[in-house]
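[1] The following block contains a protein sequence and its predicted model.
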Amino acid sequence: MSQPEQVIPTETQFLQSNGLRIAYESFGSVERPTIVLVAGLYNQLVRWPLAFCQLLVEQGFRVIRFDNRDIGLSDKMDGVKAPSFFRLLLKTRLGIPVSAPYNLDDMAADTVGILDALNIPAAHFVGMSMGGMISQIVAGRYPDRVLSLTSIMSTSGVRGKGEPSMKVRLKMVQPGSKDKTPLDIAVDIWKMLDSPAWPMDEDEIRALVIAEHQRSSNPPGYLRQIAAIQTTPNRVALLRSIKVPTLVIHGNQDVLVPVSGGIDTANHIPGAELVRYEGMGHTLPRALLGEFAQLIARNSHKKLA
């Protein structure tokens, strides 16, 4: 039996996409079908575990993970300010128009630009949370560039579906204080979003948060990405137009994007498969990575009627 191709961490590379300098990493042979991993809100590319990249390479893919605009080592949108949490809340509750520096359509264009820069005609897209929203837009607006879609712990953008409680919303924008440093708050948020069936040790969470912060920190980008989510229209029409094999993965205990968001996403995409996990929150549990990789590989080989 041949040995699995090993994922060897490489130095982050850079490319130009949609007028921006984007940081990315590539694993596996360039001759293989490509999977593009699209990260979530204020998540750097390292939020996609190396072990997961390894598992996907073993399934026969080339894997690309990258930093979205305004996060990690990619270009920051310095000099433009996001609307306040209060104004975004008015927009959500009352429909009052709010402008943002950019929206998810712009981030989808960034993602397609990565394919252009790397001369990849089409790829399989796997997105988590905000990355799932971006991947849905790519599949709807750029159908010739998408071979399959996997939307993990994401939503359709329909009001009332996949929306967090006010308690969770406020926690996500909690400022630092003399009692709680930004690091403490980041750890608390991770614990709040964690998967109850597969909880992470607090020391491990803290170490990951510190490592990510040392790689890059851009708090204004966090607010701009929240604004991008809140000011992008729902994706129902786009979802109904998607013609590629689609897999929707969601945890029943997700408090940031409740499972109703995954259910609604799958309901609008013709032929979509919904896989729900009891005990999974808004994280990628290590124990499930192998199963996720197998599901994604199986979905990539589906033929729609």
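    Arrived safely.
[2] Below-threshold pLDDT in this protein: ranges please.
    Within the chain, the stretches with pLDDT under 70 are 1-9, 83-97, 305.
[3] One more pass at 90, please.
    1-11, 79-100, 166, 169-183, 219, 223, 230-231, 302-305 (pLDDT under 90).
[4] all helices of it, in order?
    Applying DSSP state H to the chain gives helices spanning 50-58, 85-94, 104-117, 130-141, 166-172, 182-193, 202-215, 219-230, 236-241, 259-268, 289-300.
[5] Mind listing what's buried along the last one?
    Right, the one you point to is helix 289-300. Within helix 289-300, the residues scored as buried using 16 or more other Cβ atoms under 10 Å are 289, 292-293, 295-297, 299-300. The C-beta positions use only the backbone N, C-alpha and C, and glycine is treated the same way.
[6] Give me the residues contacting it.
    Outside helix 289-300, the residues within contact range by Cβ atoms under 8 Å, 6 or more residues apart in numbering are 33, 35, 49, 51-52, 55-56, 58-61, 124, 126, 147-148, 150, 152, 245-247, 249, 273, 275, 284.
[7] 10 Å instead, please
    Contact partners of helix 289-300, identified using Cβ atoms under 10 Å, 6 or more residues apart in numbering, comprise 33, 35, 49, 51-61, 124, 126, 147-150, 152, 244-249, 272-273, 275, 277, 284-285, 288.
[8] Of the residues you listed, which qualify as buried by neighbour count?
    33, 35, 52-59, 61, 124, 126, 147-150, 152, 244-249, 272-273, 275, 277, 284-285, 288.
[9] Of the buried residues of helix 289-300, which pair is most distant in space?
    Pairwise distances across these (Cβ to Cβ) peak at 16.5 Å, for the pair Leu289 and Ser300.
[10] gap between stretch 268-276 and the chain center?
    18 Å (Cα atoms, centre = their mean, to the nearest Å).
[11] brain fart, stretch 119-132
    9 Å.
[12] Start and end of it, how far apart?
    23 Å (Cα to Cα, to the nearest Å).
[13] Buried residues of it, list them for me.
    120, 122-132.
[14] swap in stretch 99-111?
    100-111.
[15] how about TSV for those residues, with distance to Gly79 added?
    TSV is the format used below for those (distance: Cβ to Cβ, whole Å):
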residue	distance to Gly79
Ala100	14
Pro101	9
Tyr102	13
Asn103	18
Leu104	21
Asp105	21
Asp106	16
Met107	18
Ala108	23
Ala109	20
Asp110	18
Thr111	23
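[16] What is the nearest of these to Gly262?
    So of these, ranked by how close each gets to Gly262 (Cβ to Cβ), first place is Leu104, at 17.3 Å.
[17] ok, now which ones touch the closest one?
    Contacts for Leu104 were tallied using Cβ under 10 Å, 6+ apart; they are 130-131, 133-134, 136-138, 157, 225, 228-233, 235.
[18] ditto for Thr232
    With Cβ under 10 Å, 6+ apart, Thr232 has these contacts: 100, 102-108, 130, 133-134, 137, 157.
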